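Would you be able to build a 3D model of this:
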Amino acid sequence: MAEGKKLWGGRFSTPIDPLLEKLNRSIDLDKRLYKEDIQGSKMYAESLKVIGMLTDYECKQIIKGLDKVKEEWDSDKFDIKSSDEDIHTANERRLKELIGEPATKLHVGRSRNDQVITDMKLWMRSSITELSSNLRSLVKTLVTRADREIDVKMPGYTHLQRAQPVRWSHYLLSYAWTLKNDHDSITNLLDKLGASPLGSGALAGNPFPIDREALAHKLGFNSVTKNSMQAVGDRDFCAEFLFYSSMIGIHLSRLAEDLILYSTKEFGFVTISESHSTGSSLMPQKRNPDSLELIRGIGGSLTGQVAILHNNRFDIS
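Modelled structure (predicted):
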């Protein structure tokens, strides 16, 4: 794509260096935001129509075209071009291929700065909702098993040495409470994701009278951000999400490690079902708890992501 065709290339007369093009490309990562980017674009088109920047026909064409773009992503048929820097560029490029000139009006008054932060908040709200649902299911399972097996006794350990006798249910509920606290922490983050940054522009606001409040509510937000510069630069919620996610990973890793240990012949407290185990090509008598071993590795990788974010000074745009 020639520089004049890029979202940011209006004043450039020479092509971008291929090495910089490759370095600047984020589509392989942020393509996961395609649904949120399309959702925000559709609502933004409606807002442009309200203030007369789009005709009713143009708005309908844009929305119809964006629905087609989403269908291509959903069916894994979207053709990513080498010139697609990011999900915003890719979607608008494809939209113009589908509907022509009306697509060029969609970006009026909007910046990729407020687009990306809006997309990230929408994606994270959805992800937290899914994650909290999974945590509730796991806590419910632990509580159910604790109630069913309340009379089972086991040794309680400190320093991997037998310390005091405890109930198996007491052990299970220790993790149920830990994961319940994780659930509360991650869902409390939803409050910080309740303000829509769309309409903040690059950093100094939208030059057109977009109704940000109406736009926010259409996208499922409760309010709008109050300072445009703060809004487009905010990545604190990403750091918090990664931290809480890493804690969940660490707690699941601890539980998995315990169950791996307790399933060995030396302990023999639990048996991992065959449907969640693998075997050995050399030693047919073995039943390997690979499902738990994979879970055990989650904590380290998530903690590593937190460290990467910190080292990059929270610059993940």
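
need the helices for the protein, in chain order.
For the chain, the helices defined by DSSP state H cover 18-24, 27-30, 34-50, 56-74, 87-99, 112-148, 168-192, 212-218, 228-233, 236-262, 290-296, 298-311.

Make JSON lines from these and add mean pLDDT to it.
Below are these laid out as JSON lines (pLDDT from 0 to 100):
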{"stretch": "helix 18-24", "mean pLDDT": "72"}
{"stretch": "helix 27-30", "mean pLDDT": "92"}
{"stretch": "helix 34-50", "mean pLDDT": "97"}
{"stretch": "helix 56-74", "mean pLDDT": "98"}
{"stretch": "helix 87-99", "mean pLDDT": "97"}
{"stretch": "helix 112-148", "mean pLDDT": "97"}
{"stretch": "helix 168-192", "mean pLDDT": "96"}
{"stretch": "helix 212-218", "mean pLDDT": "97"}
{"stretch": "helix 228-233", "mean pLDDT": "96"}
{"stretch": "helix 236-262", "mean pLDDT": "93"}
{"stretch": "helix 290-296", "mean pLDDT": "92"}
{"stretch": "helix 298-311", "mean pLDDT": "78"}
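
Tabulate the ones you listed (TSV), appending distance to residue 154.
Where you see a C-beta, it was placed from the backbone N, CA and C, and this is true even at glycine. Putting the helices of the chain into TSV (distance: least, CB to CB, whole Å) gives the following:
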stretch	distance to residue 154
helix 18-24	55
helix 27-30	45
helix 34-50	46
helix 56-74	48
helix 87-99	50
helix 112-148	12
helix 168-192	5
helix 212-218	52
helix 228-233	51
helix 236-262	8
helix 290-296	18
helix 298-311	24
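
how about JSON lines for these, with mean neighbour count added?
Formatted as JSON lines, the helices of the chain follow (neighbours: other CB atoms under 10 Å):
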{"stretch": "helix 18-24", "mean neighbour count": "10"}
{"stretch": "helix 27-30", "mean neighbour count": "15"}
{"stretch": "helix 34-50", "mean neighbour count": "22"}
{"stretch": "helix 56-74", "mean neighbour count": "17"}
{"stretch": "helix 87-99", "mean neighbour count": "21"}
{"stretch": "helix 112-148", "mean neighbour count": "18"}
{"stretch": "helix 168-192", "mean neighbour count": "17"}
{"stretch": "helix 212-218", "mean neighbour count": "18"}
{"stretch": "helix 228-233", "mean neighbour count": "19"}
{"stretch": "helix 236-262", "mean neighbour count": "18"}
{"stretch": "helix 290-296", "mean neighbour count": "16"}
{"stretch": "helix 298-311", "mean neighbour count": "14"}
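
Figure out which of the ones you listed is closest to residue 203.
helix 228-233 (5.0 Å; CB to CB).

got the CA positions of the closest one in CSV?
Taking Å, rounded to 0.1, in the frame of the first residue of the first chain, the C-alpha atoms of helix 228-233 are listed here in CSV:
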residue,chain,number,x,y,z
SER,A,228,-8.7,12.8,26.4
MET,A,229,-4.9,12.8,26.9
GLN,A,230,-5.2,10.5,29.9
ALA,A,231,-7.7,8.3,28.1
VAL,A,232,-5.5,7.5,25.0
GLY,A,233,-2.4,7.0,27.2
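
which residues are contacting that helix?
111, 113-114, 117, 195, 197, 199-205, 225 (CB atoms under 8 Å, 6 or more residues apart in numbering).

Report the buried members of those.
Neighbour counting by 16 or more other CB atoms under 10 Å classes 111, 113-114, 117, 195, 197, 199-201, 205, 225 among the contacts of helix 228-233 as buried.

about what we covered before: show me which of the contacts of helix 228-233 is closest to residue 249.
residue 117 (25.2 Å).

residues contacting that closest one?
Going by CB under 8 Å, 6+ apart, the list of residues near residue 117 reads 197, 200, 231-232, 234.
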